[in-house]
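after the sequence you'll find the predicted model.
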Amino acid sequence: MSLLSILLDPLLGPLIACGIIVVVHAVPFFVDRFGYRKSGIPGPFLAQLSDSWLARQAASGKRSEAVHEEHKKYGSFVRIAPNHISISDPEALQVIYAHGNGTLKTEFYDAFVSIRRGLFNTRDRAEHTRKRKVISHIFSPKNVQDFEPNIRSAMAKLFVQLDKIINAPEGTKSYLGTNYFRKKNSRAFLDILPWFNYVAFDIIGDLVFGEPFGMIDAARDMAAVAKGGELRELGTLYHVEPIAVAQSFLDTKYAGEKDASQSGAEVTYIPAIRILNERGDFSATLGTIPPWARPYVKKLPWFQKGDKACQNLAGLAIAAVNRRLNNPTDRVDLLARLQQGKDDSGQPLGKEELTAEALTQLIAGSDTTSNPRALSKLQQELDEALGESTDLPWFEQLKKLPYLEACINEALRRNLASMELLVIIASFVRKYDVILEYPQDQLETREGFLRKPMGCVVGLKQRLEK
């Protein structure tokens with residue numbers, strides 16, 4: 001029998017495949033080239049043999065919770081994959097993440113490469129230093145301050161939409177766009193999470209791509225994306241070399257390009273928020289799987305769906321960047337700052353690299369968090385600081401409020417995101433009286449690359465009226 005006929009044999013083929021899988025996991029386990037197992041670090045039995053335990057936890061959306069449970073069982077050091085040890089000890093932070101200690105990002109980050117490597121997922125130190133030099137100027141205090149009008153514009157649109165809902169007649173049960181609400185006891189009850197997602201996407205779309213996606217006005221999750229042959233080769237997300245994405249766009253020079261709608265490229269509308277979440281689930285799970293196995297795993301139905309989400313998200317960046325580049329403007333935003341950046345040799349970002357970094361900013365800037373507690377204390381501080389004014393507050397009025405600052409610090413610490421959250425949270429809780437519809441319920445979350453709430457139903461009514 002030939003080798004091919006043996007592999008195709010309905011009985012022998014599966015046995016050989018199982019044997020290969022066993023050998024691939026057993027040989028590294030017993031050889032123990034780096035001495036991982038000699039230390040006797042405990043963990044789930046399956047995690048000692050295979051990456052499948054960690055992949056399963058990641059795919060379930062409960063990875064950090066599962067790892068935390070293992071730490072409660074085994075202590076500070078837990079093996080969660082054959083070559084992956086989780087450490088829960090504050091003293092380890094400086095050792096592991098210290099600058100100049102020689103450690104590099106792992107192959108986990110290869111699963112997040114789309115279009116080409118960006119600042120977030122590059123694993124080469126020299127390339128990371130170059131990208132950081134080109135990009136870091138974007139988030140200087142002066143540049144960040146210039147972005148405030150974009151944030152205020154999005155919040156003004158949000159308030160128009162929420163006021164429509166709040167001013168609906170008592171007893172109303174209806175939809176605004178795709179968002180269900182009902183009016184009861186002088187309050188409008190609705191899931192507030194989609195609305196803050198619309199705000200986040202419209203702000204980052206405005207800053208990165210030159211115009212909002214229009215989600216707030218449309219009251220639905222939708223964004224224009226390039227479609228068709230130009231995305232044909234956007235498949236394997238772990239490649240080190242640039243992926244051939246939208247060649248009709250990326251292989252041309254800036255001058256003389258046509259708009260996507262004029263160059264024969266189709267444009268369609270996609271649910272970008274849902275796709276971003278699917279992309280996070282997919283990439284965070286794919287990253288736990290050995291690189292050699294990823295092309296095969298991606299043929300499975302769940303991974304095919306996530307791979308498609310990555311393609312659509314990349315198409316979103318391609319369509320938006322090309323629309324902006326084909327219609328030059330003197331407006332001040334993140335994309336303009338990215339175009340102005342230069343490395344040590346005086347070279348700006350190429351178009352493919354520019355699009356990849358814009359996509360990175362889209363993903364980083366559209367993540368939202370939610371914490372419904374301590375509203376009354378925050379509202380009291382805002383009332384005292386802002387007086388009787390019902391206008392949207394300015395950053396200068398907010399940046400030194402201690403309790404507001406503490407609320408922001410609970411979530412993250414970054415110049416642009418800090419200002420964004422200061423303005424959004426302060427203006428929202430100042431304008432509306434907010435209660436949870438089910439305060440006794442635990443906030444349901446799901447973890448992809450980041451942990452995100454699944455929904456948050458609140459009751460709103462206006463606090464201040466002109």
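That came through fine.

mind listing what's buried in the top helix by length along the chain?
Criterion DSSP state H: the longest helix present in the chain is helix 301-325. Within helix 301-325, the residues that qualify as buried by neighbour count (16 or more other Cβ atoms under 10 Å) are 303, 306-325. No exception for glycine: its C-beta is placed from N, CA and C like everyone else's.

show me the shaky parts of this protein.
1-39, 225-267, 365-375, 390, 407-415, 464-466 (pLDDT under 70).

just the helices in the stretch 101-250 of the chain please.
125-135, 141-146, 148-166, 193-209, 215-218, 247-250 (DSSP state H, counting those that start in this stretch).

how about the ones you listed in JSON lines, adding distance to G387?
Conversion of the helices of the stretch 101-250 of the chain to JSON lines gives the following (distance: least, Cβ to Cβ, whole Å):
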{"stretch": "helix 125-135", "distance to G387": "39"}
{"stretch": "helix 141-146", "distance to G387": "23"}
{"stretch": "helix 148-166", "distance to G387": "19"}
{"stretch": "helix 193-209", "distance to G387": "25"}
{"stretch": "helix 215-218", "distance to G387": "28"}
{"stretch": "helix 247-250", "distance to G387": "51"}
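
winner for burial among the ones you listed?
Most buried of those by mean neighbour count (mean count of other Cβ atoms under 10 Å) is helix 193-209; its value is a mean of 24.

the inter-axis angle of that helix versus helix 301-325?
Orientation check (axes from the mean of the first three to the mean of the last three Cα atoms, to 10 degrees): helix 193-209 against helix 301-325 gives 50 degrees.

what packs against helix 193-209?
Using 3 or more Cβ pairs under 8 Å, 6 or more residues apart in numbering; DSSP states H and E as the contact test, the elements touching helix 193-209 are helix 148-166, helix 215-218, helix 272-286, helix 301-325, helix 334-340, helix 351-365, helix 415-431.

now do 6 Å
helix 148-166, helix 215-218, helix 334-340, helix 351-365 (3 or more Cβ pairs under 6 Å, 6 or more residues apart in numbering; DSSP states H and E).

who's in contact with the first one?
Helix 148-166 is contacted by residues 176, 181, 188, 199, 202-203, 206-207, 216, 392, 395, 420, 423, 427, 460 when judged by Cβ atoms under 6 Å, 6 or more residues apart in numbering.

out of those residues, which comes closest to F77?
E420 (37.8 Å; Cβ to Cβ).

M155 versus the closest one, what's the distance?
The spacing between E420 and M155, counted by Cβ to Cβ, to the nearest Å, is 10 Å.

quick one: contacts for the closest residue in space to I435 that isn't next to it in sequence?
Distance criterion Cβ to Cβ, 6 or more residues apart in numbering; nearest residue to I435, sequence neighbours excluded, is G459 at 4.7 Å. By Cβ under 6 Å, 6+ apart, G459 lies in contact with 187, 189, 435, 437.

G459 in helix, strand or coil?
Recorded secondary structure, G459: strand (DSSP: H, G, I helix; E, B strand; the rest coil).

name the residues linked to it by a beta bridge.
Per DSSP bridges, the residues bridged to G459 are F189, I435.

of the contacts of G459, buried ones?
Buried among these by 16+ other Cβ under 10 Å: 187, 189.

quick check, nearest of the contacts of G459 to Q145?
I435 (34.1 Å).

now the closest one: how far from A224?
Counting by Cβ to Cβ, the gap from I435 to A224 is 37 Å.

S376 too?
Taking Cβ to Cβ, one finds S376 at 41 Å from A224.

quick one, which of the two is more surrounded?
A224 (21 against 11; other Cβ atoms under 10 Å).

was I right to think G43 contacts P82?
No - using Cβ atoms under 6 Å, G43 makes no contact with P82, being 9.8 Å away.

remind me what the longest helix of the chain packs against, helices and strands.
Short answer (3+ Cβ pairs under 6 Å, 6+ apart): helix 301-325 packs on strand 223-227, helix 272-286, helix 351-365.

ok, which of the ones you listed comes nearest R294?
For R294, the closest of the helices and strands packed on helix 301-325 is helix 272-286, at 5.9 Å, according to Cβ to Cβ.

flag every buried residue along the closest one.
272-273, 275-286.

check stretch 175-195 too.
Residues of stretch 175-195 classed as buried by neighbour count (16+ other Cβ under 10 Å): 176-177, 179, 181-183, 187-195.

same deal with stretch 430-450?
430-434, 436, 445, 447-449.

try stretch 454-466
Applying 16+ other Cβ under 10 Å to stretch 454-466 flags 456, 458-460, 462 as buried.

nearest to K73, of these?
Of the buried residues of stretch 454-466, the one sitting nearest to K73 (Cβ to Cβ) turns out to be C456, at 31.6 Å.

ok, that closest one touching L193?
Yes - if you go by Cβ under 6 Å, C456 and L193 touch, sitting 4.9 Å apart.

distance of the residue positioned nearest the centre of the chain from G100?
Per Cα atoms, centre = their mean, the C-alpha nearest to the average position across the chain is that of I363, at 4.0 Å. For I363, the distance to G100 (Cβ to Cβ) stands at 28 Å.

same question for K431.
48 Å.

repeat for S153
Counting by Cβ to Cβ, the gap from S153 to G100 is 43 Å.

residue contacts, P393?
Neighbours of P393 in contact, by Cβ under 6 Å, 6+ apart: 386, 426-427.

closest one of these to E65?
Set against E65, the nearest of these by Cβ to Cβ is A426 (31.8 Å).

tell me how many other residues surround the closest one.
With other Cβ under 10 Å as criterion, A426 counts 27.

does it touch E396 like I think?
No - using Cβ under 6 Å, A426 is not in contact with E396; the gap is 12.0 Å.

wait, doesn't N197 sit right on I273?
Yes - using Cβ under 6 Å, N197 makes contact with I273 at a distance of 4.8 Å.

what's the spacing between the closest residue to W394 other than its chain neighbours and V423?
Take W394 and drop its neighbours on the chain: the residue closest to it by Cβ to Cβ, 6+ apart is E148, 7.2 Å away. In this view, E148 and V423 are 7 Å apart by Cβ to Cβ.

try R324
Between R324 and V423 the distance is 24 Å, computed by Cβ to Cβ.

same check, this time on N121
29 Å.

what does S186 show for phi and psi?
Dihedral angles of S186 (phi, psi; degrees, to the nearest 10) stand at phi 70, psi 10.

for it, list the residues it contacts.
Per Cβ under 6 Å, 6+ apart, neighbours of S186: K461.

same check, this time on the one 4 residues further on
Taking Cβ under 6 Å, 6+ apart as the criterion, L190 is in contact with F181.
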